[in-house]
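# Just the structure for this:
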Amino acid sequence: MTDQRVLLAVSTVIFTVRPTGANGSHELWVPLVRRIRDPYRGMWALPGGPLRPNEALEDSALRDLTLTTGLAPTHLEQLATFGGLTRSAGAEERQVTVVYWASLPPQEAAMGENDINVTWLRATDLPDLAFDHSDIVTHALDRLRDRIAEPTVAKAFLPETFTIAALREVHEAIIGDALDPANFRRHVLSSGQLEDTGERLEGTRHRPPKLYRFASAKPSKLFSHPTSDRSEETS
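Here you go, the predicted model:
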């Protein structure tokens, strides 16, 4: 149809980490909303909706995300634009979608909407999603893994202060593999990207581990990540 209207929409991919893997390992999860109208009625989809004429792209992403999931990340980053000719099969309009993405610490993610039409699922084990949203999540995962060496990537998943073990768990969730705790600790401490807060995590059964924060912004990479078996780490 040559006279098909074009609808501009905005969607968002949100990642968080949860200790839901084998032996308590961390995994990536994403929020999805159930479509309540055609096309793809009843299927899960990324949060999003049409762009309003008087609305900025990022404002649209945040509005729809907050409305459907109750989540309100402080920073959204534009990921990509998806506009394949066949992505809106069955719809009256051709839909072009601008996608944003963000990451949230588990505590913030847990504050989202509790609704029968909203769910969190493992990012690496999703059912078929509406439109091409499965491809969008895959693209977001690839981008996240490509940028894992940047300190800002892990920072978005963590509170202001954190243990090195918690930092390692975020990286393990992103790459989907275990890291050697001793090698990881040695590498991040020598990178110059962390500051010792002088405090320790309270309430642990063993020696309380030190708490760190990210140092002032620096251009260098944080680390590279050879994989190996997990072992116990207390600091």
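
# Pairing partners for the top strand by length along the chain, with directions?
Within the chain, and with DSSP state E defining each element, the longest strand by residue count is strand 6-18. Sheet pairing for strand 6-18, assigned by DSSP bridges, gives strand 27-34 (antiparallel), strand 48-50 (antiparallel), strand 94-103 (parallel).

# After the first one, which helix or strand is next?
Towards the C-terminus, the helix or strand next in line after strand 27-34, according to DSSP states H and E, is strand 44-45.

# quick one: average confidence on that following strand?
Mean pLDDT, computed over strand 44-45, is 97.

# From the chain's centroid, how far away is it?
A distance of 16 Å separates the centroid of the chain from that of strand 44-45, by C-alpha atoms, centre = their mean, to the nearest Å.

# Which of the residues in the helix or strand bottoming out on mean pLDDT in the chain are classified as buried?
Every helix and strand of the chain was ranked by mean pLDDT, DSSP states H and E. The lowest is helix 151-155, at a mean of 89. Within helix 151-155, the residues that qualify as buried by neighbour count (16 or more other C-beta atoms under 10 Å) are 151, 153-155. C-beta coordinates here come from the backbone N, C-alpha and C atoms, glycine included.

# what does stretch 120-135 give?
Result for stretch 120-135 [16+ other C-beta under 10 Å]: buried residues 120, 123, 129-134.

# Please work out which residues outside it touch it.
The contact list for stretch 120-135 (C-beta atoms under 8 Å, 6 or more residues apart in numbering) reads 11, 15-16, 18, 20, 27-32, 35, 39-40, 43-46, 82, 84, 87-88, 95, 97, 109, 112, 137, 141, 176.

# circling back to that earlier point, pipe the buried residues of helix 151-155 into CSV and attach distance to residue 185 per row.
Formatted as CSV, the buried residues of helix 151-155 follow (distance: C-beta to C-beta, whole Å):
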residue, distance to residue 185
151, 16
153, 19
154, 14
155, 18
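
# what about residue 138, which SS state?
helix (DSSP: H, G, I helix; E, B strand; the rest coil).

# Count the residues that sit near it.
Counted with other C-beta atoms under 10 Å, the neighbours of residue 138 add up to 14.

# and what of residue 183?
When neighbours are counted by other C-beta under 10 Å, residue 183 comes out with 14.

# How about residue 174?
24.

# Would you mind giving both backbone torsions of it?
Dihedral angles of residue 174 (phi, psi; degrees, to the nearest 10) stand at phi -70, psi -50.

# how close does it sit to residue 55?
32 Å (C-beta to C-beta, to the nearest Å).

# quick one: contacts for residue 45?
11, 32-35, 129-131, 133.

# Ignoring the adjacent residues along the chain, who's closest to the residue most central in space within the chain?
With distances taken as C-alpha atoms, centre = their mean, residue 15 lies nearest the centre of the chain, 1.9 Å away. Sequence neighbours aside, residue 103 is the residue nearest to residue 15 in space, at 4.7 Å (criterion: C-beta to C-beta, 6 or more residues apart in numbering).

# How many residues are close by the closest residue to residue 77 other than its chain neighbours?
Once flanking residues are discounted, residue 77 sits nearest to residue 101: 5.9 Å by C-beta to C-beta, 6+ apart. Residues lying near residue 101 (other C-beta under 10 Å) number 25.

# Do you have the helices of this structure handy? List them.
Ranges of helices in the chain, per DSSP state H, are 57-69, 106-109, 133-146, 151-155, 164-175, 181-190.

# Report the buried residues of the longest one.
So the one you mean is helix 133-146. For helix 133-146, the neighbour count (16+ other C-beta under 10 Å) marks 133-134, 136-137, 139-141, 144 as buried.

# Lovely, talk soon.
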